[in-house]
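In: need a structure here:
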Amino acid sequence: MSPLDTTKDPDTKADPTDEGADMASLMVAVRKYFDLMYDCDTSRFGEVFLPTVNLHGFRDGKMQAWPAGVYIDVLNKRQSPKSLNAPRDNEILLVDFASRTQALVKARVRVANMMFIDHLIYHRIDGTWLITSKGFHLVSE
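Out: Numbers count the residues shown, from 1 in each chain. Sure thing, here's the model as predicted:
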């Protein structure tokens, strides 16, 4: 059975010809995430993250758990890599579809001089892929 076969999910079609479209639309969403991490333009936060998103990861040796509002504040206070003319360095390391409406994307993301490995849980809600959960790991500063 294809990882995109959702015959048991009544809210989605199980047409395997749509698998390429599913991947293409998810890649558009990932590109929006990379853009947000680069320019920190939080006016587009809702195009990337579900308002109820939670983010988890270790910072300064302590586990952090941030709701959307805290993360928006972090992004607003951060000097964007774009404003620093920092190089963009983003890479998709893994894509795993659980269904036509849920996917995991593992990505490497540079934010100025910091390198992160992010595990992004996406759900397709009303036709739009949004991040509903993010686990981050700071690889280096």
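In: who's in contact with the nearest residue to Ala68 once chain neighbours are set aside?
Out: Among residues not flanking Ala68 along the chain, Val53 sits closest, at 5.0 Å (C-beta to C-beta, 6 or more residues apart in numbering). Any C-beta I mention is one placed from the backbone N, CA and C, and that applies to glycine too. Counting by C-beta atoms under 8 Å, 6 or more residues apart in numbering, Val53 touches Pro67, Ala68, Tyr71, Leu130, Ile131, Thr132, Ser133, Lys134.
In: which helix or which strand is home to Val53?
Out: Assigned by DSSP states H and E, Val53 belongs to strand 49-59.
In: now this structure, which segments are flagged as low pLDDT?
Out: Residue ranges of the chain with pLDDT under 70: 1-17, 141.
In: and the helices in this protein?
Out: 19-39, 45-48, 68-77 (DSSP state H).
In: tabulate the ones you listed (CSV), appending distance to Phe97.
Out: Formatted as CSV, the helices of the chain follow (distance: least, C-beta to C-beta, whole Å):
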stretch, distance to Phe97
helix 19-39, 7
helix 45-48, 19
helix 68-77, 24
